[in-house]
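Engineer: Here is my input, please return the structure:
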Amino acid sequence: MAPSVAPSPLRPTATKEGQGAVDVEGAWLPETCCGQRRCGARRWGVCVNWLIYLSVFAGLAVLLLGVVAPSHTTITCSDPLIHREVKKETVPISLLFTLSFIVPFFKILIVEWVMPPASPSAPSKTPLRVGLRRAWRYLGDLFVGCLFMYFTTDLIKTVVGEARPNFWALCQPNLTDHQCSQVYTTVTWKDCTNPYKLRHWRLAETMKSFPSGHAAISVFSSLFIMAYTHKRLWRTIPSLVSPWLQLLWVIWTIVCCQSRVWDNKHFWWDVLAGALIGALFAFLTLHYLTNWFEREEEEEEEGDTALLSRRKEPTSPSPSPSSSSYIPEEEEEEGDNLSRFSGTSIKRLIGGAPRGRPSPRGTTAAGEAAAASGVALGAVQVKEE
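Structural biologist: Sure, this is the predicted structure:
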């Protein structure tokens with residue numbers, strides 16, 4: 001039986017996808033190609049994901065710009081629910097975007113910077129760099145989940161075509177007395193006299209009341225960041241800090257949702273439906289994209305970290321059954337007291353210790369005697385064979 005060839009000092013012994021390899025001396029090496037078939041499948045998956053993202057984003061843009069607008073809305077001319085006045089928004093889009101994306105990003109960045117993973121990463125990765133990387137990753141999950149959620153919400157808006165509470169004031173449809181005498185009449189955005197000189201897509205928005213997009217986004221982002229706060233800060237800081245931070249997001253969500261009713265933008269059932277949609281997509285995002293903020297890299301880095309933290313020793317060729325150092329499998333049960341020798345096949349066969357466990361310094365007389373007896377017994381059995 002030919003002896004196995006010892007690994008080259010420059011050959012990577014541990015690899016991790018996207019993060020390079022570690023050689024036997026503990027040097028962090030750049031990642032090499034993992035094979036044409038595997039790399040091709042990975043690139044194909046990335047391309048498919050980006051194609052889906054771009055298609056959803058394009059569909060959302062078509063809906064928001066009014067290219068595909070509600071075909072009509074059904075109203076009653078004497079309905080007081082659609083004759084409410086026009087008010088200024090309490091929560092404009094800019095504030096909603098800031099509190100839903102920018103503030104969570106910096107919060108995650110600070111938490112990941114101050115509380116880095118328990119296991120160390122590559123030598124070139126500082127805590128700030130690791131925190132920035134994780135913050136970008138979680139922000140990407142937040143954005144992707146919100147993209148799919150808001151596309152679904154606006155698609156429902158377009159299909160349902162419910163008039164907003166301030167529809168009559170913004171549109172002032174040109175209807176005849178005969179049309180208004182009917183119980184229900186159909187109105188399109190082309191029937192609006194447009195007293196406020198709104199653009200086409202703004203007029204289309206007056207017919208997109210159900211469900212509330214503000215409520216969906218605020219509930220989605222709040223549940224996302226509340227789950228992150230619970231996962232990262234629970235039992236690591238004073239017990240009341242995490243609930244207090246979560247309470248702030250609850251207050252923000254309630255104010256944002258209620259403001260849509262105050263400002264005559266939505267009815268209460270619109271806000272409720274938007275909140276339910278936001279909660280549903282928040283659960284799906286946390287479960288399928290973020291994995292509830294589990295730091296899976298910590299488990300993956302354990303093998304690489306062990307190689308980086310301990311002293312590497314060159315591995316000798318594996319002995320063949322005909323060599324004098326061959327030890328039969330029965331001798332593997334001698335115990336951990338024989339795991340004091342170098343990281344060769346003798347250590348693995350006699351000591352039963354896993355590869356990579358550091359050997360204690362120094363040996364006792366009992367350990368040397370047991371090792372010598374094991375080697376002699378192996379040689380005798382080989383000769384008898």
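
Engineer: What is the burial count for Leu240?
Structural biologist: 9 (other Cβ atoms under 10 Å). All C-beta atoms are positioned from the backbone trio N, CA, C, and that covers glycine.

Engineer: Helices of the stretch 51-200 of the chain, residue ranges please.
Structural biologist: For the stretch 51-200 of the chain, applying DSSP state H, counting those that start in this stretch gives helices covering 93-97, 103-114, 127-160, 167-171, 177-181, 200-205.

Engineer: Tell me which of the ones you listed is the most buried.
Structural biologist: helix 167-171 (a mean of 22; mean count of other Cβ atoms under 10 Å).

Engineer: Which residues does that helix contact?
Structural biologist: 73, 75, 82-86, 164, 187, 189, 191-196, 198, 203, 206-207, 209 (Cβ atoms under 8 Å, 6 or more residues apart in numbering).

Engineer: what domains does the record give for the protein?
Structural biologist: Under the assignment automatic domain parsing, the domains of the chain span 17-64, 65-302, 323-384.

Engineer: just the ones you listed: most buried one?
Structural biologist: On a mean-neighbour basis (criterion: mean count of other Cβ under 10 Å), the most buried of those is domain 65-302, at a mean of 17.

Engineer: Would you check how far apart the closest residue to Arg134 other than its chain neighbours and Thr98 are?
Structural biologist: Nearest residue to Arg134, sequence neighbours excluded (Cβ to Cβ, 6 or more residues apart in numbering): Glu112, at 4.5 Å. Distance of Glu112 to Thr98, given as Cβ to Cβ, to the nearest Å: 20 Å.

Engineer: thinking again about what came up before, in JSON lines: the domains of the chain, plus mean pLDDT.
Structural biologist: Listed next are these as JSON lines, based on pLDDT from 0 to 100:
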{"stretch": "domain 17-64", "mean pLDDT": "70"}
{"stretch": "domain 65-302", "mean pLDDT": "88"}
{"stretch": "domain 323-384", "mean pLDDT": "45"}
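
Engineer: What segments of the stretch 201-350 of the chain are strands?
Structural biologist: Using DSSP state E, counting those that start in this stretch, the strands of the stretch 201-350 of the chain do not appear at all; there are none.

Engineer: Now do the same contact list for Thr236.
Structural biologist: Thr236 touches Met115, counting by Cβ under 8 Å, 6+ apart.

Engineer: From Leu128, how far out is it?
Structural biologist: 19 Å.

Engineer: List the contacts of Trp234.
Structural biologist: Contacts of Trp234 (Cβ under 8 Å, 6+ apart): Ser242.

Engineer: Ok, Thr90 next?
Structural biologist: Thr90 sits in contact with Val255, Ser259, Trp262, Asp263, where contact means Cβ under 8 Å, 6+ apart.

Engineer: Surely the last one touches Glu89?
Structural biologist: If I follow you right, that is Asp263. Yes - with contact defined as Cβ atoms under 8 Å, Asp263 reaches Glu89; the gap is 5.5 Å.
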